[in-house]
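> heads up, no residue letters with this:
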């Protein structure tokens with residue numbers, strides 16, 4: 001069974017709720033400001049999509065004067081984000097730490113007993129939903145999905161799929177591919193999406209399911225080839241790349257790009273950061289970036305964001321259980 005990750009419905013309703021909440025948040029945020037530099041903890045290593053995106057946020061915050069103190073990115077990607085999750089857990093009530101999340105926000109606590117319940121953290125803001133694409137080296141003879149499946153089967157299990165670690169988003173998409181097409185790959189983990197893309201170009205692995213932003217530079221240089229997108233509709237920057245859905249395969253998967261804060265952070269501080277990201281979401285630079293990098297800008301905050309997190313955690317628990325039953329990557 002393939003589990004489908006879709007956008008939340010009724011965006012118009014969510015947007016109106018967000019506008020009302022934004023007004024209340026701005027009023028609450030006026031009474032509090034950070035008194036020292038703010039750590040922006042990143043649940044991944046350097047060079048990948050999560051790292052680059054967090055540093056883009058930091059840059060926009062600085063250029064637009066959205067924070068009264070510097071915001072400093074800090075990578076804590078050990079253990080598929082377990083290091084970052086424990087760090088946030090251990091800094092309960094700290095008003096000067098926020099964390100950039102991805103879907104390992106759900107999967108790592110589900111897979112490993114690290115004493116973290118994400119329901120305890122404070123939701124701040126969801127900025128976008130990121131996409132996934134199946135990539136091969138441009139020197140490969142593979143041009144279509146059928147070519148890809150045939151090549152993997154012909155390899156006899158020796159096909160190398162690069163990723164960022166078991167339980168990470170790309171490993172889930174890989175497991176979906178294995179189940180849907182009755183194929184088996186050798187999953188090769190790297191420290192981040194940037195390393196994954198470089199190793200595909202270098203010929204050390206045979207394919208990846210990287211985010212577009214992690215492979216876009218190599219794509220423009222003619223080094224990698226997109227075979228299929230895991231989105232409901234074609235990605236604008238890859239107009240000739242079909243989706244799994246249009247090829248007859250029900251595989252849609254998103255990765256959230258969000259921020260959370262430690263349990264016990266004062267409400268005024270949570271409101272300050274939520275307001276900061278709301279303003280960031282409205283900047284021209286962010287809107288241009290999301291379009292160019294194939295992200296879906298989709299701001300969400302407050303109780304609606306927490307409900308989204310818990311809904312997605314349940315979906316990912318089901319995917320992981322399915323993977324364990326099948327003995328997948």
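Structure received. What you see is a predicted model; the values in this text were computed from it and never measured.

> lowest-confidence helix or strand of the chain?
For the chain, scoring each helix and strand by mean pLDDT, DSSP states H and E identifies helix 11-29 as the least confident one, at a mean of 47.

> tell me which stretches of this protein form helices.
Residue ranges of the helices in the chain, as given by DSSP state H, are 11-29, 49-64, 82-90, 104-111, 145-154, 169-181, 193-201, 212-220, 267-281, 284-292, 302-326.

> which neighbouring elements make contact with the longest one?
Spelled out, that is helix 302-326. Using 3 or more C-beta pairs under 8 Å, 6 or more residues apart in numbering; DSSP states H and E as the contact test, the elements touching helix 302-326 are helix 11-29, helix 104-111, strand 122-130, helix 169-181, strand 255-261. C-beta: built from backbone N, CA, C; applies to glycine.

> one more time with 6 Å
Judged by 3 or more C-beta pairs under 6 Å, 6 or more residues apart in numbering; DSSP states H and E, helix 302-326 is in contact with helix 104-111, strand 122-130.

> quick one, the first one and helix 49-64 angle?
What it means is helix 104-111. With axes from the mean of the first three to the mean of the last three C-alpha atoms, to 10 degrees applied, the angle from helix 104-111 to helix 49-64 works out at 140 degrees.

> what helices or strands is helix 104-111 leaning on?
Counting by 3+ C-beta pairs under 6 Å, 6+ apart, helix 104-111 packs on helix 302-326.

> how about the helix it packs on: buried residues?
By neighbour count, and taking 16 or more other C-beta atoms under 10 Å as the criterion, the buried residues in helix 302-326 are 302, 304-306, 308-309, 312-313, 316, 319-320, 322-323.

> looking at that helix now, give me its mean pLDDT.
Model confidence over helix 302-326, given as mean pLDDT, is 92.

> quick one, that helix and strand 255-261 angle?
Taking the same axes, to 10 degrees, one finds helix 302-326 and strand 255-261 inclined to each other by 130 degrees.

> angle of helix 302-326 against helix 267-281?
Between the direction of helix 302-326 and that of helix 267-281, the angle (the same axes, to 10 degrees) works out to 80 degrees.

> that older thread, make CSV out of the helices of the chain and add distance to residue 244.
CSV is the format used below for those (distance: least, C-beta to C-beta, whole Å):
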stretch, distance to residue 244
helix 11-29, 23
helix 49-64, 20
helix 82-90, 30
helix 104-111, 21
helix 145-154, 8
helix 169-181, 8
helix 193-201, 19
helix 212-220, 15
helix 267-281, 29
helix 284-292, 22
helix 302-326, 16
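
> which one of these lies nearest to residue 251?
Closest to residue 251 of these is helix 169-181 (C-beta to C-beta; 5.2 Å).

> what's next to that closest one, contact-wise?
Helix 169-181 has contacts (C-beta atoms under 6 Å, 6 or more residues apart in numbering) with 2, 103, 132, 149, 161, 163-164, 209, 249, 251, 253, 255, 319, 323, 328-329.

> and residue 202, which of the helices and strands packed on helix 302-326 is closest to it?
When those are ranked by proximity to residue 202, the top entry is strand 122-130, at 24.1 Å, counting by C-beta to C-beta.

> quick one, the closest one and helix 169-181 angle?
Orientation note: strand 122-130 sits at an angle of 50 degrees relative to helix 169-181 (the same axes, to 10 degrees).

> how far does strand 122-130 sit from its chain's centre?
From the chain centre to the centre of strand 122-130 is a distance of 10 Å (C-alpha atoms, centre = their mean, to the nearest Å).

> ok, now stretch 145-156?
Chain-centre distance of stretch 145-156: 27 Å, with C-alpha atoms, centre = their mean.

> so which bits of stretch 134-149 are buried?
In terms of neighbour count (16+ other C-beta under 10 Å), stretch 134-149 has its buried residues at 134-138, 140, 142, 145, 148-149.
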